[in-house]
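Asker: Sequence and predicted structure, then a few things I'm wondering about:
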Amino acid sequence: MEVSGENGTIPYTWQGRDRIAFPAGNYTVHYRGSIANNQFQATLDEPYAVTVLLPPGLDVRHLFLGWVSSGGSVTAEEDGSVSVYWERASYVEVRFYGPLRETLFNAFGSLWLVACFILLLPYLLGRGRG
């Protein structure tokens, strides 16, 4: 975790497990680390410009696997990373996924479609005869 401003790094203090405090001002907060459950959430005391940068291999753009809280705009970067930007947000949430999860989703989805087709085929053929 790093809080930086025009004059460099700003000292901050932890207040509990999930809250930091620092002097009033215009700063940038950088957080690097592991995030559990493929989800990131942040609640801010007032609306701020927020950018969440996901490293290459992680994504939020799949309709059923990823999610971005309202107001967020998603951009795919040239290096394979994905950035999500909110112009003025008091709350941000991102649910992301990796390539394995997308592959498994597509595989199971395909299996279900094939199973539905196989189960519906006798019904459709029988209906056409009658």
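Answerer: Ah, there it is. All values derive from a computational prediction rather than experimental measurement. Numbers count the residues shown, from 1 in each chain.
Asker: Give the burial count for residue 97, as a bare number.
Answerer: For residue 97, the count of nearby residues is 21 (other Cβ atoms under 10 Å). Bear in mind the C-beta positions are built from the backbone N, C-alpha and C, glycine included.
Asker: For the worst-scoring helix or strand of the chain on mean pLDDT, which residues meet the burial criterion?
Answerer: Lowest by mean pLDDT, DSSP states H and E among the helices and strands of the chain is strand 28-30, with a mean of 83. Across strand 28-30, burial judged by 16 or more other Cβ atoms under 10 Å covers residue 29.
Asker: which residues of this protein fall in strands?
Answerer: With DSSP state E applied, the chain shows strands at 2-5, 8-9, 13-14, 20-21, 28-30, 39-54, 67-68, 73-76, 82-95, listed in chain order.
Asker: quick one: which of these is nearest residue 127?
Answerer: strand 67-68 (39.4 Å; Cβ to Cβ).
Asker: Please name every helix or strand in contact with that closest one.
Answerer: Judged by 3 or more Cβ pairs under 8 Å, 6 or more residues apart in numbering; DSSP states H and E, strand 67-68 is in contact with strand 82-95.
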